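Peer 1: return a 3D structure for these sequence lines:
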Amino acid sequence: MTGQNVQIGWDAARQANQENWEDRVPLHETAYGLDAFDDPDHLSDVVRHDVAVLKPFLLSSSLSGLDLCHLQCHIGTDTVSLARAGARVTGVDFSPSALGVASALANRVGLAARWVETDVLDARSAVDGDFDVVYTSIGTITWLQDLDRWAAQISGLLRAGGTFFIRDGHPALYALDENAPDLTTRYPYFGDGRAQQWDEESTYVGDGKVAHPRTYEWPHPLSEILGALLGAGLRLLHFDEGRMLPWQFSDRMVEVPGGYAWPEAERNLLPCTYTIIARKD
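Peer 2: Here you go, the predicted model:
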């Protein structure tokens, strides 16, 4: 059953999600177009967008020479792009196969990067050092049950004066029925502690099927996301909502420069993403 609300412990949900993401790695290694990184000027569309938004809020106005920790980095295309933008990067993910692909990509294109295998909720204890920037984007925190613990990792990883950046799918978007002929709410916007159980053999990009189709995600309203970051001692610098996604959430979405959006007549009805930039004072 798709989108069923269930009560499940974090360890069991985490194991199912890790098995699913391990299965995605060879599919995404093909679908992500890694050969494009052989061009030394190539950046992922996600990072090209995000760095332009982030730069004005950096104390140095540039990533050059900054220590950056990329949480939930998957196969490293955005991490490598951040290195190309000038940062000294550390990529964190719970999938050993994903980190293997990420490391091979960085080595192939001659970029230095450090890779740490750990759950994001244990990142502070697993990652050495502290950072000028902690970055996460996109399609990340619905996989996490405890946002207070997540925010504590971010605060712990940041140096004083350091900056946190997230751009992610909007929780109002995730409440929609992606298969409906119009913008129809189907799933909870507010969480109640239960996970949403999904059974889907395909992934958000590329062909092929995963061997472990069952995953678990948690709805997190904007109030919870912002509250967790503020509660961890971060100061809000910037908040924005966007009309475009880097992936096709629904078959009804149309391709636009840099991603996908609702048909033009519906584009102003509902946000697709949110962006938060915060600082540790």
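
Peer 1: where along the stretch 151-281 of the chain do the strands fall?
Peer 2: Listed in chain order, the strands of the stretch 151-281 of the chain (DSSP state E, counting those that start in this stretch) span residues 158-169, 195-199, 214-217, 234-242, 254-256, 259-261, 273-280.

Peer 1: who does the fifth one pair up with?
Peer 2: Taking DSSP bridges as the criterion, strand 254-256 pairs within the sheet with strand 259-261 (antiparallel).

Peer 1: enumerate every residue touching the residue nearest to residue 67 when sequence neighbours are not counted.
Peer 2: Counting by C-beta to C-beta, 6 or more residues apart in numbering, residue 67 lies nearest to residue 131, which is 4.7 Å off, once chain neighbours are set aside. Where you see a C-beta, it was placed from the backbone N, CA and C, and this is true even at glycine. Residue 131 makes contact with 66-69, 90, 157-159, 162, according to C-beta atoms under 8 Å, 6 or more residues apart in numbering.

Peer 1: do the same with residue 76
Peer 2: Residues touching residue 76, when contacts are defined by C-beta under 8 Å, 6+ apart, comprise 91, 98-99, 101-103, 105-106, 113, 115.

Peer 1: from residue 83, how far out is it?
Peer 2: Using C-beta to C-beta, to the nearest Å, residue 76 is found at 9 Å from residue 83.

Peer 1: residues that sit against both of those two, list them.
Peer 2: Common contact partners of residue 76 and residue 83 (C-beta under 8 Å, 6+ apart): 106, 113.

Peer 1: CA atoms only: put stretch 120-130 into CSV for me.
Peer 2: Extracted in CSV, the C-alpha atoms of stretch 120-130 (Å, rounded to 0.1, in the frame of the first residue of the first chain):
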residue,chain,number,x,y,z
VAL,A,120,23.0,12.0,9.6
LEU,A,121,21.5,11.8,13.1
ASP,A,122,25.0,10.7,14.4
ALA,A,123,27.0,13.0,12.3
ARG,A,124,28.6,15.1,15.0
SER,A,125,30.2,12.1,16.7
ALA,A,126,31.2,10.5,13.4
VAL,A,127,32.8,13.5,11.6
ASP,A,128,36.1,15.0,12.8
GLY,A,129,36.5,18.8,12.9
ASP,A,130,34.1,21.6,12.5
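
Peer 1: and that stretch, average pLDDT?
Peer 2: Averaging pLDDT along stretch 120-130 yields 98.

Peer 1: and the contacts of it?
Peer 2: Looking at what lies outside stretch 120-130 - C-beta under 8 Å, 6+ apart - the contacts are 67, 69, 71-72, 90, 92, 94, 116, 118, 140, 144, 146, 149-150, 152-153, 156-159, 162.

Peer 1: mind checking how far it is from the chain centre?
Peer 2: Once both centres are worked out by C-alpha atoms, centre = their mean, to the nearest Å, stretch 120-130 turns out to sit 17 Å from its chain's centre.

Peer 1: against residue 267, how distant is residue 125?
Peer 2: 43 Å.

Peer 1: let me see the ranges of the strands in the stretch 1-150 of the chain.
Peer 2: Remark: strands of the stretch 1-150 of the chain, listed N- to C-terminal, are 4-6, 67-71, 88-93, 113-117, 131-137; assignment by DSSP E, counting those that start in this stretch.

Peer 1: take the ones you listed and lay them out in CSV including distance to residue 247.
Peer 2: Compiled in CSV, the strands of the stretch 1-150 of the chain are given as follows (distance: least, C-beta to C-beta, whole Å):
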stretch, distance to residue 247
strand 4-6, 23
strand 67-71, 18
strand 88-93, 18
strand 113-117, 24
strand 131-137, 12
